[in-house]
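> I'd like to go over a predicted model; first the sequence, then the structure.
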Amino acid sequence: MSAAVSAIDLGLQSCEVCALPSRPAPGAERGRCPRCAAVLDFRKPASLQRTWAFLIAAAICYLPANLLPVLTTTTAGGTESDTILQGVVLLWSPTGWPLSLIVLVASIMIPSAKILALAYLLISVQRGATCNEPQRVQLYRTVRFIGRWSMVDVFVDTFTAALVQLQPLMAVEPAPGLLFFAAVVVLTMLAVESFDPRLIWDAGRTPEVAHA
Amino acid sequence: MPEQPTPSVPQSQVISRRRTPLSAVWVIPIIAALVGAWVAVTRILDEGPKITVIFANAEGLEAGKTTVHYNGVDVGTVTGIHLTADHLRVVLTIQMAPKTDDFLVEDTTFWVVRPRISGANVSGLGTLISGAYIGMDIGQSKQARREFAGLDTPPVVTPDAPGRFFRLTTPELGSLDTGTPIYFRRLQVGQVVSYALDDDGKALTIKVFVKQPYDKYVTRDTRFWQASGIDVSLTASGLSVQTQSLLSILIGGIAFETPASDPPGDAATADTEFTLYGSRTDAFQAPARHPQKFVLVFSDSVRGLTVGAPVEFRGIPIGQVSAISAQIDAKTFEFSAPVTVELDAQRLGVQLQDLPPDADLESLRRDVINRLVAHGIRAQLQTGNLLTGALFVTFDFHPEAPPATVDWSTQPPRLPTAPGQFQALEARLANIVKKIDEMPLQAIGNDLRKSIADLDRLLVGAEATLDKADTLVDNADALIQNANRMVEPNSLLGTELATTLQELTRAARSLRVLTDYLERHPEALIRGKTGEAK
């Protein structure tokens, strides 16, 4: 049981953009915000479905992102393609281990943690769990915050590729794994955006409020 | 809803749009799944065969980095390096590129390319930077194979190169190595592919490769020799220096040539075995196809005669000494040295014309040799080099030699010999000594002594004579002194002589006046001098 009263409890729709609460449109039609003209819903439509879809897509892309090489380095000695994990191993040395750790955390652990966290949120919402609501909302916020930084890997990779073009001595080119890695980042961000955190506390509310 | 909204809350505007029960967003995971599946499938389908290659060591090889090259194309990557169960060799696991299954057949070979600098070959310099890689050569077989034994040294010649392989046997390798060039008329036509010690350890077999079209010049008569160094020979026409090329001086080489005199023989088949001679001279001196053994029993010392010493017929090499032994006759205690020689009768150029097709060559040969011996042909030891005392065997006609025959009963047959030059010299000297011995030296001495005694007596007589001669000389001296005294300017004789001479002069003048007068006045002889005479 949530202590606070939600807008939905009052039969009002809150605008996603300008937060203006408004009465829902008559009948089954969707309304538009009178102030900013954003489409209004009690809850994000098909939030769970959409989040699941993006999350599953991200999880699928996560595999090739880690199995395929992300960077191809061509030197006079030959061509070398490295996956993210190989990069971690390559950087792992008595002096370079902090860097290796950063790559490991940022590129392998965080994306997987994001996927797992979202999956946990979705499952908990679907099962109507009512415990740890503030923690779950906090988790959602953290995942959402991290999302925008996840592209750093991709940027670093592409910058390196653009800068290190010392033909014929050395060349760095992005490999297919990078595309999947970027897809993972984008898809998890989309999944986060399509998740409606209000659903976390909806579960504790009156059972007659159905998911939109 | 139980509670009424406050009136101040505005009414939302209506949009007309139907909701689909299933979100279109599901397209995204489907697309992701399809793309992922496609990537996975292409990866699996593109996955080439996995093979294992066993090498002696994995020096310079790295799992995940070392690649397999075929004709410079990257066709695989080493994915794992492990030791064999007995820890003696290494097993490389290699992930081959897609569609390389037909490369991996029974006789496909693998080797490690490292920088190699050996004589003529500087190879794999690129690996100095890139690290070693694995070279491969695709076999001809159709039998697929996945486990290979790597070669320790890269093959010099790829098996499908046009040409032929030959084998050369040599007692020692010299400066040869794999990749050593083969020369034909100073043109590089091939190279040494490999070499191996024979099982008995007594010789080496060198495998050489001669490229097309030069391989057809290798006939069964072809001689191969080591053209490693400089062949200096002093001939009647001067000093000649023979080399194949500057490179062969530095790194060695093998040259071959087919004796010109022979009719052009059939091209040798692949893997024909040849002897590798030390030099061109050796190669062309060596017995040809059918060396025949003969034994020559010399009574001279064979010091200086070595196995391999040439056998010549009037300066033409016809064979060589193959064995020297010694024997002592138990009865007579006579020492003799049987020398076995290998003769190549063909070099003598025996003309066997009009040969009936069914002729017994063996008996013909015997007949020829018998007749030669009957004509006085004898083997003889001669000094080839006065400094070293090296001997060689020479055959020549010795018409004065005592008659001899060939002993065909022994094996090998025995040819008659003649004493050597030194032996002949010795005999002559002995002859002289003998003659000296025979001289009546005692009698001569006695006579000589008698003569000397006579001479002594004679000399005593001569001494007396000389004394008399001395007195004679003294007398003569006195005589001359007297004579001198007489002709001195103030001597009596001198003065008188001068006066006499003046008188004589005067008389002569008077006589001239008289004769002059008589000439003008001959009548005066009768009438006497007249008064009007002027």
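Nice, thanks for sending it over. Residues are numbered from 1 along each chain as shown, chains lettered A, B, ... in the order given.
> show me what B:Leu197 bridges to in the sheet.
B:Leu204 (DSSP bridges).
> any regions of chain A where pLDDT drops low?
Along chain A, segments meeting pLDDT under 70 span A:1-4, A:28, A:76-78, A:167-168, A:203-212.
> tell me who's in contact with the residue of the stretch 1-150 of chain B at minimum distance from chain A.
Distances between the stretch 1-150 of chain B and chain A by C-beta to the nearest C-beta are smallest at B:Ser12, namely 2.6 Å. To be clear about C-beta, it is placed using only N, CA and C from the backbone, and glycine gets the same treatment. For B:Ser12, the contact set (C-beta atoms under 8 Å, 6 or more residues apart in numbering or on different chains) comprises A:13, A:22-25, A:31-34, A:40.
> from these, which is closest to chain B?
Closest to chain B, out of all of these and judged by C-beta to the nearest C-beta, is A:Gly31, at 2.6 Å.
> tell me which element the closest one falls in.
Assigned by DSSP states H and E, A:Gly31 belongs to strand A:30-32.
> now do that strand: distance to the chain's middle.
27 Å (C-alpha atoms, centre = their mean, to the nearest Å).
> near chain B at all, it?
Yes. Using C-beta under 8 Å from any C-beta of the partner chain, strand A:30-32 comes into contact with chain B via A:30-32.
> ok, that strand: who's next to it in the sheet?
For strand A:30-32, using DSSP bridges, the partner strands are strand A:39-40 (antiparallel), strand B:13-15 (antiparallel).
> which is the succeeding secondary structure element to the shortest one?
For strand A:39-40, the succeeding helix or strand toward the C-terminus, using DSSP H and E, is helix A:47-67.
> may I see the buried residues of the next helix or strand after that next one?
As assigned by DSSP H and E, the chain's next helix or strand after helix A:47-67 is strand A:71-75. By neighbour count with 16 or more other C-beta atoms under 10 Å in any protein chain shown, strand A:71-75 contains the buried residues A:71-74.
> those helices in the chain, which residues are they?
I'll assume chain A. Chain-ordered helices for chain A, with DSSP state H as the definition, fall at A:47-67, A:84-91, A:97-103, A:110-126, A:133-147, A:152-163, A:176-194, A:198-202.
> try chain B instead
All helices of chain B, identified by DSSP H, fall at B:27-46, B:127-130, B:246-251, B:280-285, B:361-374, B:421-438, B:441-486, B:492-520, B:524-527.
> neighbours of B:Ile182, how many?
Using other C-beta atoms under 10 Å in any protein chain shown, B:Ile182 has 27 other residues around it.
> check contacts around the residue nearest to it when sequence neighbours are not counted.
Excluding the flanking residues, the one nearest B:Ile182 by C-beta to C-beta, 6 or more residues apart in numbering or on different chains is B:Gly190, at 3.8 Å. By C-beta under 8 Å, 6+ apart, the contact set of B:Gly190 is B:163, B:181-182, B:208-211, B:214-215.
> tabulate the residues you listed (JSON lines), appending pLDDT.
Conversion of these to JSON lines gives the following (pLDDT from 0 to 100):
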{"residue": "B:Gly163", "pLDDT": "83"}
{"residue": "B:Pro181", "pLDDT": "83"}
{"residue": "B:Ile182", "pLDDT": "87"}
{"residue": "B:Val208", "pLDDT": "88"}
{"residue": "B:Phe209", "pLDDT": "88"}
{"residue": "B:Val210", "pLDDT": "88"}
{"residue": "B:Lys211", "pLDDT": "86"}
{"residue": "B:Tyr214", "pLDDT": "86"}
{"residue": "B:Asp215", "pLDDT": "83"}
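> out of those residues, which is most surrounded?
B:Val208 (29 neighbours).
> so what's that one bridging to?
Applying DSSP bridges, one finds that B:Val208 bridges with B:Phe166, B:Val192.
> touching, it and B:Tyr183? I think so.
No. Contact criterion C-beta atoms under 8 Å: B:Val208 and B:Tyr183 do not qualify, at 11.2 Å.
> what about residue 180, how many residues close to it?
Answering for chain A, as no chain was given. 25.
> nope, chain B
30.
> do B:Val373 as well
17.
> and it, how far from chain A?
B:Val373 sits 78 Å away from chain A, taking C-beta to the nearest C-beta, to the nearest Å as the criterion.
> go on, B:Ile324?
The value you get for B:Ile324 to chain A, if C-beta to the nearest C-beta is used, is 64 Å.
> how close does that residue sit to B:Gly308?
Counting by C-beta to C-beta, to the nearest Å, the separation of B:Ile324 from B:Gly308 is 10 Å.
> sorry, back to before: between B:Val208 and B:Tyr183, which contacts overlap?
Joint contacts of B:Val208 and B:Tyr183 (C-beta under 8 Å, 6+ apart) are B:Ile254.
> residues near B:Ala132, how many?
Here the number of neighbours of B:Ala132 (other C-beta under 10 Å) works out to 20.
> check the residue in the stretch 251-400 of chain B positioned nearest to chain A and give its pLDDT.
Nearest residue of the stretch 251-400 of chain B to chain A (C-beta to the nearest C-beta) works out as B:Ile251 at 29.9 Å. For B:Ile251, the model assigns a pLDDT of 71.
> for the stretch 151-300 of chain B, which residue gets nearest to chain A?
B:Pro154 (18.7 Å).
> which residues touch the residue nearest to that residue when sequence neighbours are not counted?
Excluding its sequence neighbours, the residue lying closest to B:Pro154 (C-beta to C-beta, 6+ apart) is B:Trp111, at 4.5 Å. With contact taken as C-beta under 8 Å, 6+ apart, B:Trp111 is in contact with B:134-136, B:150-155.
> B:Trp111 pairs with what?
In beta-bridge terms (that is, DSSP bridges), B:Trp111 pairs with B:Gly135, B:Leu151.
> burial count for B:Asn370?
13.
> go ahead and confirm it touches B:Thr405.
Yes. Counting by C-beta under 8 Å, B:Asn370 touches B:Thr405, with 7.1 Å between them.
> so how far is B:Ala427 from B:Lys434?
10 Å.
> would you mind writing the CA trace of stretch B:482-499 as PDB?
This file holds the C-alpha atoms of stretch B:482-499, laid out as PDB (Å, rounded to 0.1, in the frame of the first residue of the first chain):
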ATOM      1  CA  ASN B 482     183.500 -10.800 -72.000                       C
ATOM      2  CA  ALA B 483     181.600 -10.000 -75.100                       C
ATOM      3  CA  ASN B 484     180.100  -7.000 -73.400                       C
ATOM      4  CA  ARG B 485     183.400  -5.800 -72.300                       C
ATOM      5  CA  MET B 486     184.800  -6.000 -75.800                       C
ATOM      6  CA  VAL B 487     182.000  -3.900 -77.200                       C
ATOM      7  CA  GLU B 488     182.300  -1.200 -74.600                       C
ATOM      8  CA  PRO B 489     182.800   2.400 -76.100                       C
ATOM      9  CA  ASN B 490     186.400   3.000 -74.900                       C
ATOM     10  CA  SER B 491     187.700  -0.500 -75.300                       C
ATOM     11  CA  LEU B 492     190.600  -1.200 -77.600                       C
ATOM     12  CA  LEU B 493     188.600  -3.300 -79.800                       C
ATOM     13  CA  GLY B 494     186.100  -0.500 -80.100                       C
ATOM     14  CA  THR B 495     188.600   2.100 -81.100                       C
ATOM     15  CA  GLU B 496     190.200  -0.200 -83.500                       C
ATOM     16  CA  LEU B 497     187.000  -1.100 -84.900                       C
ATOM     17  CA  ALA B 498     186.100   2.600 -85.400                       C
ATOM     18  CA  THR B 499     189.400   3.300 -87.100                       C
END
